[in-house]
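Student: Dropping the sequence and predicted coords here.
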Amino acid sequence: MQCWKCKTYGHRSGDKECPLFYTGNRDIEKFRFMHEDPMHAFVQQRKHENKQERIKQLQSLLMSSSSESESGAPKDTSKAERKKRKSKKKRGSDEEADSSNRSDKKKHKKEKKKKHHRSEKRSRSRS
């Protein structure tokens with residue numbers, strides 16, 4: 001037998017074996033699946049309950065975090081953390097400045113050596 005939809009052998013046009021069976025009947029098959037599956041309603045209800053429970057947990061977490069932010073203690077710790085970060089940044093910029101000063105000193109020494117070397121050459125050539 002040859003399928004009239006996909007033109008392959010081994011099944012008829014209305015069989016579920018046909019790869020094109022679900023293309024035209026997607027909505028009908030979804031409806032059929034929901035009504036024939038005994039666990040479908042239970043699974044959907046369970047998903048909905050889990051979702052609502054998760055929403056409640058997140059809302060309570062949000063409320064607790066907002067109440068903590070209104071109190072003074074967490075702000076003090078955040079200020080201390082800010083000071084630490086600021087001092088670290090300052091140290092880092094000081095280290096960068098030191099390294100740039102070092103590189104400037106090295107450049108200056110090289111320039112001195114070049115000038116000194118040039119002046120020695122000139123004095124040697126003159127004498």
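Tutor: Looks like it arrived, so ask away. Numbering: from 1, shown residues only.
Student: Just give the number of residues close to Ser60.
Tutor: By other C-beta atoms under 10 Å, the residues close to Ser60 number 10. (Glycine included, C-beta is placed from N, CA and C.)
Student: Now it. Its backbone dihedrals?
Tutor: With angles defined as degrees, to the nearest 10, Ser60 sits at phi -70, psi -40.
Student: what about it, distance to Arg54?
Tutor: Ser60 sits at a distance of 11 Å from Arg54 (criterion: C-beta to C-beta, to the nearest Å).
Student: Where does pLDDT dip in this structure?
Tutor: 22-25, 70-77, 89-102, 115-127 (pLDDT under 70).
Student: swap the cut-off to 90 and go again
Tutor: Where the chain drops to pLDDT under 90, the residues are 1-41, 63-127.
Student: Just give the closest residue to Asp15, not the sequence neighbours.
Tutor: With sequence-adjacent residues excluded and distances taken as C-beta to C-beta, 6 or more residues apart in numbering, Asp15 is closest to Phe21, at 6.9 Å.
Student: so the one you found sits right up against Arg12, yeah?
Tutor: No. Contact between Phe21 and Arg12 fails when scored by C-beta atoms under 8 Å: they sit 10.3 Å apart.
Student: more neighbours, these two?
Tutor: Between Phe21 and Arg12, Phe21 has the larger neighbour count (other C-beta under 10 Å), namely 17 against 12.
Student: Please name the residues that touch the more buried one.
Tutor: By C-beta atoms under 8 Å, 6 or more residues apart in numbering, Phe21 lies in contact with 5, 14-15.
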